Structure formats: C-alpha cells, structure tokens
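J.: Below is the structure, and that's it, no one-letter string:
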C-alpha cells in the first residue's frame, strides 16, 4: 500500500491522492478519538451487563462464589431514551424571503414530513440519540436514491447509523450537530457479488484501516468485502458578483456569470459590486483496500451526515466525550457488591454445620451433607461417655446457630442504591420515599420535571441535530425535486395530500409563474418540541367534550363540527368528519381543493343552481307573506265588528235581567211567591244566555287568531 502522507499542501485530485488523503484523515480521527472509543466500548459492555472487573469476576468464578449483576444502568438509560422518544422534536419550515410564499412553505413542510415518513426517520433520530446517551455521540445520514429502477425521479432518505464507531468525523468540528465538518469517513461492508457487479474491473481488496470498535477482523468474511465511504468539502476560490438593472438585484458567482454573460447583458443586468468568496463542492468517494472505485459530486453545501452529541469537555485541547453510563459505573459496582455480599450471607443461613461426638456418625454418610439437603430421618450411633462415675450416653448431634446478616449490609446496599439514583439525575424518585409517606400528584410531576432537567442536554442536542437535518433537506430539495411532478406531502395532522411541484401557470398573457417551486426562496428551520400531534389531538378531544357542555358548544358545532369530530379516536370518526366538512363554507372550500377540475366544475354549477333556487324561494316567501298580511288585516276588521255586536247583545241582556230583578223586589211579599220564583227562573235563564253568548264570542275570536297565525307561517 502506498505510504500515507501526514500533511496536505493542496487538495487531492487523482484516485491515488484521494485514497492517501482518506487514509491519512482516518488516522487523524483515530488518534483524536482513541481514548473516547476505548471508554465507549467499556461503557457499552457495562450497560450490557459486564459490570464486574475481570480479575475479581474470574477469582469468584474459580471459588464458586456469587458475582451478581443487578443492571440498573441499562434501565436508567432506557428511561432517558424513552422520554426523548415520547417528546421527539419536529421540523417546521418558515419562509424568510427571496420570493417564497406561505403556500410554498406549507408544501416544503409537507415534503419534509414525506421524507421522514418514507424513511421511518424516527429510527435514525432515536438510534443516534440513544448512542449519545450511552457513549456521548451518535450519527445519522441523508442519502439520495432513485424512486425505482425505471425512473429518473429521485427521493431523499434519512438512514440510521447503528454502529457509531464506524464513523470518523473531522476533529476540527465544534458544533454539536457537526454542521461545520470538512470531511467524514464511514467504514461499511458490501457483498462480494454486488461489488463485482458494480465494479467488475476492481480488485476484491478489503479496506483494512480502522480504530477501536471498528476492527477489520470482525468484518472479514467469505461473502462480504469491507469498504469505506469518504465525504469531503472541496473549496475553490471565486468572486461573488452583485448584478442590478436599476430596479432589482441578484447575486451570482463569477464562474457561473461567465457562462451566461451575454444573456445577462441582454437583460440589462450589470455588475455593481463584487467581493472574494469560496465555492463549496461536496464530494463523495467509495474506497476499497487499494484505490478509489467510485466518485461523484453531490449537490448542496453540507456533508449529509449529522452528529448527535452527549456530554463534551475540552480540557487543554483534549476533547472528552461521554454519556450517562460513565458516571454510573462506580455506584453500580458498589450496589452489585453489597447485594452480592448480602446474598452470599443469606445463602449460608441453611448451611450451618452440625456438632457430633466422634463415632456418632460412623456408618451414616447422610450426615456429610445434612446441612445442605433435607432428610426425613437422620440416624446416629449412641456413644457412651464417662463422667468419672458411671458411663452415660452422649447427646445427639446438635446444629450450630444460623449465620445472621449484619445490619450494616442492608444500610450499605441502600446507600449504594441512593448514590446510583443521584448520579443518574433521579434522586427524588417515588421509590426513594420513606415507607408510609404520602406524596401528592403535583409533587410527583415536579419530580419528573427535575429528572427531565437533569438530562436536558441530550434532548437539546438531539433537537439541534434534527434541525440540521431539516436544513440539509431544504438545501437538497431544489436538486432532487426540480422537475414538474406529482408529489405526496403530509400535513401536521398526518393526512397525506397530492400536489404538483414546479407547476407552470399563466395568470395573464405572457406572464408565467411556477407554483410550488422548490428551487427558489429562502427558508428557516425552527423546531416544534413537546408532546406530539397524537397527544395534542387526544387532549383536544377531551377539551372539546368539556366545551360542548358550555353555552359556546352550540356555535362551535355549527361552524366547526368536522374539526371537533376529527379529534376523536374511534372507528368511523374520520368518515363522519368528512361528511360534516362540506356543511360549512370553509369546509366546502377545503373539500373542493381535493377534487379534480372536472368535479370542481360540476359542483360549482350545482351550487349556482342551488343559489338561484334559494333566491326564487325567498321571492315566493315574500309574496306569500304580503298576501297573508292583507288578508289578515281584513279578517281582523271583521273579527272586531263581530266582537262589538256580541258585547252589545250581552250588555242589553244584563240590563234587562237587572230591571226584572228590581221589579220582583218592589212587589209585596205576600201572595207573590210564585211570581218571585218565576222571575228568578227567568233571571237565571237570562244570565245563562249572556254567558253562553260571551263564550261563543271568545271561541270565535280565538279561532280567527289561530287561522291568522297559521297563514303567516
């Protein structure tokens, strides 16, 4: 193999120079990371259960003494990792200028979520985040690939890096997300058949270089070949020009300006300002054991690899990285030791020996293990002793007192457990409470918040990494989604939608606009943290249920019934929401956007016919109401006249009845009883007729009012 250089006066160009540059840079990374890699391997083995020092474990194994491992470390790591998974940050794209529209930003957001969905990006994010929690750093990457074998369209994919130690990053990179790296190397493997199919003229030579955790002896097999992928950024000096026609301006590199100088002149654009700059070109190489077998220039300005960082300390230039396992080792070893010692003591409780006189156990071998095995009968010989006067039989064998576990063992074990939880950043866990102590729910939530704050650096660094992933995706969208095509995007609610990218429209003659253009505009990436959409949707459903019980519930249902229904999680809820959506103007507008143009035309025609029918109905209703008002006035006049005549008749009848009663009282009482009875009978009859007339008048008036009311309706 050619000699590896130690410095570079100029960028490598030939395959041999690039191979040597890659090998030299891997050695640089190996020297810078050697200590961190060795400690990372120890951390991973410790979390996997190898928590006893090798010499002590081997000695106890020879002595057949227990060496217990109560692996709290792995459990505590999973708690932090699972908490990060529950509140995984989400990418949000905001427009910041250069001609970008709000709708373009909506499409860009949906395209980011599409890439994440097709990549199952959560696996990449979580794998890198878990590695940062365990050993102090992790990686994931972004790759471009063709949609299928018969398509020229390409898609982006976010891929996990399962073994962090197969990556070698530029040691000069200081940003937690690695956005400032100048080069990166991955070691990988490929089947020998695939290698020969792609590179038939290249030798099957393994890439043999590697550091701790990536040793080539684990890769050499009969079916696979070990290779390396080398990313670098090539910088070329250039000049940035500012062009203007007096009304608008734009910037362009001088190397690109020369290619279209005449066209810019015809457009009236002239150079008004310039300054020196650099052109960044991302390059990728695939290397075997002897040479470069593949190479290409990649679009974008970032190396498509993202780092998730854990705890970092720069001590006199020595960069030390670690996760949460490193500091848990000693408390975990203490806990294991004291639990083992206590267990060992308790295990000897049933092995207390027997004490017997010489000769009592002869011929009874069961006594040899009577302190370890249960026997239903233990026989012994009676041996006579002599007290100096008369021979007496000696007492039967007697068991020694059982071994007791000292109180210090339990206290030491509890102390080690508390130390372990404190170092893990969880000192106020419910299990640490005094027995019988009642703790409120508010206190428990505050404890959880304290635990989260203790590990916030991991979550924060994962957020930075995912934000960098969003910037890389936005940087690559103009190159991978530059043609007019139908593309799936995904909304905040997870509902997919098909849109046409780079759609050319002509709003007016001679004016061409491109809708959903991913090649123009500037975007910014912000992160949406906290509970995910599903959690928020469940909370929204609960809040809607409470809202419907208030006076505001009725207007909310009238204007947003479909929104309320979509937040419920039961079979058929989405179907009901789809049926309710066209009932409101906003819902109808949204439903129309998802229909083909022909269907939209049919619906619009039907809406116009419906509006015309509604206008006709309103005119007829007005005419009917006018006629009913006129008829009501006429009927009201007749009713008043009838009531007046009826009241007059009643008044006359009452007057006559009163006069007749007066005449009866004036007459002498003697001999006129029959006349009074007759007059009283007539009076009663007269009052009855008057009451009957009044009742008839009231019934007639009520009937007329009811008829009038029905006519108005």
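T.: Everything's here; your move. Computed from a prediction, not measured in an experiment: that's the story for all the values here. Residues are numbered from 1 along each chain as shown.

J.: Please name the bridge partners of residue 279.
T.: For residue 279, the beta-bridge partners are residue 236 (DSSP bridges).

J.: dump the residue contacts of it.
T.: Counting by C-beta atoms under 8 Å, 6 or more residues apart in numbering, residue 279 touches 235-238, 253, 255. No exception for glycine: its C-beta is placed from N, CA and C like everyone else's.

J.: repeat that for 7 Å
T.: By C-beta atoms under 7 Å, 6 or more residues apart in numbering, the contact list for residue 279 reads 236, 238, 253, 255.

J.: On the pLDDT front, check it for me.
T.: Note on residue 279: pLDDT of 90.

J.: Begin at 55 from now on, thanks
T.: Sounds good: first residue 55 from here, last item residue 333.

J.: what about it, distance to residue 306?
T.: Plainly put, residue 333 is 12 Å away from residue 306 if you go by C-beta to C-beta, to the nearest Å.

J.: what's the answer for residue 142, then?
T.: Counting by C-beta to C-beta, the gap from residue 142 to residue 306 is 40 Å.

J.: same thing with residue 538?
T.: 25 Å.

J.: more neighbours, those two?
T.: Ranked by neighbour count (other C-beta atoms under 10 Å), residue 538 and residue 306 place residue 306 first, with 18 against 15.

J.: which element is that one on?
T.: Secondary structure from DSSP states H and E places residue 306 in strand 303-307.

J.: what's that strand packed up against?
T.: Strand 303-307 makes packing contacts with strand 278-298 when contacts are defined by 3 or more C-beta pairs under 7 Å, 6 or more residues apart in numbering; DSSP states H and E.

J.: And this structure, split by domain according to the record?
T.: The record's domain split for the chain, according to automatic domain parsing, is 69-279+349-379+511-561, 585-648, 658-766.

J.: What average pLDDT does the shortest one get?
T.: Looking back up the chat, that one is domain 585-648. Average pLDDT, domain 585-648: 67.

J.: contacting residues around residue 159?
T.: Contacts for residue 159 (C-beta under 7 Å, 6+ apart) come out as 147-149, 577.

J.: Work out for me the element it sits within.
T.: helix 156-173.

J.: what's the angle between the helix or strand hosting residue 78 and strand 278-298?
T.: In the assignment (DSSP H and E), residue 78 maps to helix 69-101. Between helix 69-101 and strand 278-298, the angle comes out at 110 degrees (axes from the mean of the first three to the mean of the last three C-alpha atoms, to 10 degrees).

J.: What is the end-to-end distance of stretch 260-268?
T.: For stretch 260-268, the first-to-last residue distance is 13 Å (C-alpha to C-alpha, to the nearest Å).

J.: in that stretch, what counts as buried?
T.: Buried residues in stretch 260-268, counted by 16 or more other C-beta atoms under 10 Å: 260-261, 263-268.

J.: can you list contacts of it?
T.: Stretch 260-268 is contacted by residues 77, 80, 84, 87-88, 91-92, 94-95, 219-220, 241, 270, 274, 279-282, 341-343 when judged by C-beta under 7 Å, 6+ apart.

J.: again, 6 Å this time
T.: With contacts defined as C-beta atoms under 6 Å, 6 or more residues apart in numbering, stretch 260-268 is touched by 77, 80, 84, 91-92, 95, 219-220, 241, 270, 279-282, 342-343.

J.: Kindly report the same for stretch 210-229.
T.: Stretch 210-229 is contacted from outside by 80, 83, 86, 169, 173, 175, 177-178, 181, 185, 192-199, 234-241, 267-268, 534, using C-beta under 6 Å, 6+ apart.
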